[in-house]
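1. Return a 3D structure for these sequence lines:
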Amino acid sequence: MSEEVPARADSSRDQSLRDARTSWVELKIAERQAARARAEAEAMLDDARDHIIQMHPVLHRMRAMLVLMQSSKFWKLRNAWFRVKQFLRVDPAGPVDPWLPEVDEADMWRQRSEYDRWLFAHRPRRDDLRRMREIATFLPARPLISILMPVFDPAEKHLRQAIESVFSQAYPHWELCIADDASRAPYVRSVLEEFASVDERVKVVFRETNGHIGAASNSALALANGEFIALLDHDDVLSPDALFEVALVVARRPDVDVIYSDEDKIDADGAHTDPYFKPDWSPDSLLARNYVSHLGVYRRQLVESVGGFRIGFEGSQDYDLLLRVAEKTDRIAHIPRILYHWRAHSQSSAGARDQKDYALDAGRRALHEALVRRGEPGRVEHHADRPGTYTVRYDIVQRGRVSIIVPTRDHGDDVDTCLRSVFERSTYDNFEVTLLDNGSRDRRSLEIFRAWAEREPERLRLISYDVPFNFSKINNYAVAKTSSDYVLFLNNDTEVITQDWIEAMVEQAQRPSIGAVGVKLLYDDDTVQHGGVIIGLGGVAGHSHKYFAADAPGYFYALQTVNNFSAVTGACMMVRRELFERAGGFDEQLAIAFNDVDLCLRLRDQGYYNVYLPHVALYHHESKSRGIDDTPERMARFLSEQAIMHERWATLTSDDPHYNPNLTRSAENYALGV
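-> The predicted structure is shown next:
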């Protein structure tokens, strides 16, 4: 026993020493960890201190900006606006469009129309509008926009919605100038006075006698103090982002004079229909119909300088105004967004255009007077089956010589049909045909060519140019062999239908603003082969309204009215000789494809407008199923020429100014680009 006690004591002491050593080691580890944590905390504190020092001037500037903003007129208007919204019980988190109700998204994709789905996807949300209101305070230019609203006996519900759509604007710098044209309904005055009492931006004048829309619009104009005026009918509706989008254009283009947007209609059930996605400024399209319409915004000083709205043009008073303003400026911008909802009902011009003959007559007179002012005499034709559309037929100042160039290699029967139609149906008395034989070998074809040269020795010249086929090269060669005022390129497989086809093309080609002139080309089954060329379709370019019936109206009558296009097909195209030579002719790098499009785009770049004529028709006897070249050599050549167009004109990415970026690039039918 005596020997075991010291042994146990030694063991206990050793264990205590081991525990103490372990605790000491753990303490040292904890001290080192604490030291590292303290060092990291001190480093973070130093970084924070440096950041605070750097941010101090920024915070100082922001504080000063906040003080300035809170003392500004806008801030006062903002506070007033919240009071108005509280009075009107509008959600202060952001405007809600009563004309665009919230819907279940699953229901939207199951049951609604294609345009309903498009509108649902593209309408501004609350967050969008909130950001717009924030951005509006920092725009470099914040013009006051005076909204002119002539009023005469609208439905009370529609009148309230029209005014509320102004109150719901994300852009705050507006004034609403209302001229009541002696309305008979007693609620009109009370509604207008109600809104005027809650916001000083609402100005109202009550006319003692009814002077119709022109006089009422002038009365509203007299109230305006804005740099710009916007036109709003008494039962239509603005999208809540409308004025913000206008202000953005002014910020980007301070010298802009006219701004317009896309539009749609609201039917009696509140459904949105007939979206009109418009082209950028297209002056010859405007002479065929008022495609600009709504939303229209004008620099006020310019409107006043041309005399405002003219009495006697009721129903087309805005069309007449635009024609006069466009003679003073070309600083015109288009917003490719639906910013205006046009009420369609039995009493509106949107719903009963065919019932308002006085408006159509006013439009015709407005166009006629525009021709007189511009020194381009002619006549204006109106089409009863296409209400609201017109065709301007210009007087030919000088019946210049026209060289019709028909290149061919063999295809004698096609050439015979083509030449027979040209010589037997044409009524123009000053033309010649240059038949260019590009190395024909077929004996019958050669006999047909010689027979025509003998039959028309004064009006047809047969020349040979035996080189590998290159459309650009052979047509350039043919032009060099002529000395006429106009050159008319014509495919050998076409057939004239319209007798005064040359006159109609000369009418346009003589005008200083016009580059290339194209026509309606039809397949044998009377469907459309060409109604103008749109850049970007299919990657490079495509034909408008291809395969539509010849008498179909097309997209908002675009197939049946004179329209500006970026290009027209060389299968039947007229150009003034001087312009053709100035542009350098056809590019011979483009031997087969896109040479006509390339020429038209060069003319467009030089400031000329290319134009399509629906009232001139020819058959183009090419096969619908012909397709693209499918041999390896031809495919390689096509791809090479396609690459030239991609690089030169950015056809894959750029938007055609005479089309609309909201429309499809994969078809030729003006469908929505969904």
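
2. Low-confidence ranges, the stretch 351-500 of the chain, go.
-> Counting by pLDDT under 70, the stretch 351-500 of the chain contains low-confidence residues at 351-356.

3. Let me see the ranges of the strands in it.
-> Along the stretch 351-500 of the chain, the stretches classed as strands by DSSP state E, counting those that start in this stretch are 378-382, 390-394, 402-408, 431-437, 460-464, 486-490, 494-496.

4. nearest to Thr631, of those?
-> strand 402-408 (21.2 Å; CB to CB). C-beta coordinates here come from the backbone N, C-alpha and C atoms, glycine included.

5. For that closest one, which outside residues touch it?
-> Strand 402-408 is contacted from outside by 414-415, 418-419, 422, 428, 430-438, 440, 445, 449, 471, 474-475, 478-479, 482, 484-492, 502, 506, 574, using CB atoms under 8 Å, 6 or more residues apart in numbering.

6. and that strand with strand 460-464, angle?
-> Orientation check (axes from the mean of the first three to the mean of the last three CA atoms, to 10 degrees): strand 402-408 against strand 460-464 gives 40 degrees.

7. hang on, the earlier thing: same list, the strands of the stretch 351-500 of the chain, but as JSON lines with mean neighbour count and distance to Tyr619 please.
-> Shown next, in JSON lines, are the strands of the stretch 351-500 of the chain (neighbours: other CB atoms under 10 Å; distance: least, CB to CB, whole Å):
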{"stretch": "strand 378-382", "mean neighbour count": "16", "distance to Tyr619": "24"}
{"stretch": "strand 390-394", "mean neighbour count": "19", "distance to Tyr619": "21"}
{"stretch": "strand 402-408", "mean neighbour count": "23", "distance to Tyr619": "15"}
{"stretch": "strand 431-437", "mean neighbour count": "21", "distance to Tyr619": "18"}
{"stretch": "strand 460-464", "mean neighbour count": "15", "distance to Tyr619": "21"}
{"stretch": "strand 486-490", "mean neighbour count": "24", "distance to Tyr619": "12"}
{"stretch": "strand 494-496", "mean neighbour count": "22", "distance to Tyr619": "4"}
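
8. any chance of those strands in TSV, plus distance to Leu323?
-> Listed next are those as TSV, based on distance: least, CB to CB, whole Å:
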stretch	distance to Leu323
strand 378-382	12
strand 390-394	12
strand 402-408	30
strand 431-437	33
strand 460-464	43
strand 486-490	28
strand 494-496	33
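
9. wait, which of those strands is closest to Val258?
-> Per CB to CB, nearest to Val258 of those: strand 390-394, 20.4 Å.

10. Between strand 378-382 and the closest one, find me the angle.
-> 160 degrees.

11. Counting by contacts, list what strand 390-394 packs against.
-> Other helices and strands packing on strand 390-394, by 3 or more CB pairs under 8 Å, 6 or more residues apart in numbering; DSSP states H and E, are helix 357-374, strand 378-382, helix 501-509.

12. Look up the closest residue to the residue most central in space within the chain, ignoring the ones flanking it.
-> Taking CA atoms, centre = their mean as the criterion, Pro279 is the residue nearest the geometric centre of the chain, at 3.4 Å. Spatially, and ignoring its direct neighbours in sequence, Pro279 is nearest to His658 (4.5 Å; CB to CB, 6 or more residues apart in numbering).

13. Need the three-state assignment for the one you found.
-> What DSSP: H, G, I helix; E, B strand; the rest coil gives for His658 is coil.

14. my guess is it meets Pro283, correct?
-> No. His658 lies out of contact with Pro283 (CB atoms under 8 Å); the separation is 10.9 Å.

15. Same drill for the two, tell me which one is more crowded.
-> Shown here are His658 and Pro283; by other CB atoms under 10 Å, His658 has more neighbours (27 against 14).

16. Return the distance of that one relative to Asp127.
-> Distance, His658 to Asp127, by CB to CB, to the nearest Å: 34 Å.

17. Please apply the same query to Leu367.
-> In terms of CB to CB, Leu367 sits 45 Å off from Asp127.

18. Show me which of those two is the more surrounded one.
-> Using other CB under 10 Å as the criterion, Leu367 and Asp127 rank with Leu367 on top: 26 against 10.

19. Could you give the bridge partners of the nearest residue to the more buried one once chain neighbours are set aside?
-> Once flanking residues are discounted, Leu367 sits nearest to Val380: 4.6 Å by CB to CB, 6+ apart. With DSSP bridges as the criterion, Val380 is bridged to Val392.

20. Show me how the chain divides into domains.
-> Under the assignment automatic domain parsing, the domains of the chain span 1-71, 105-301+332-342, 402-649.

21. most packed of the helices and strands packed on strand 390-394?
-> helix 501-509 (a mean of 24; mean count of other CB atoms under 10 Å).

22. Look up phi and psi at Asp485.
-> Per-residue torsions, Asp485: phi -80, psi -30 (degrees, to the nearest 10).

23. Skipping adjacent residues, who's closest to it in space?
-> Gly400 (3.1 Å).

24. separation between Arg604 and Ala567?
-> Distance from Arg604 to Ala567, by CB to CB: 8 Å.

25. These two - which one has more neighbours?
-> When Arg604 is set against Ala567 and neighbours are counted by other CB under 10 Å, the residue ahead is Ala567, at 28 against 21.

26. Write down the beta-bridge partners of that one, one by one.
-> Applying DSSP bridges, one finds that Ala567 bridges with Val533.

27. Thought Arg602 was touching it, still the case?
-> No. Ala567 is beyond contact range of Arg602, at 10.2 Å (criterion: CB under 8 Å).
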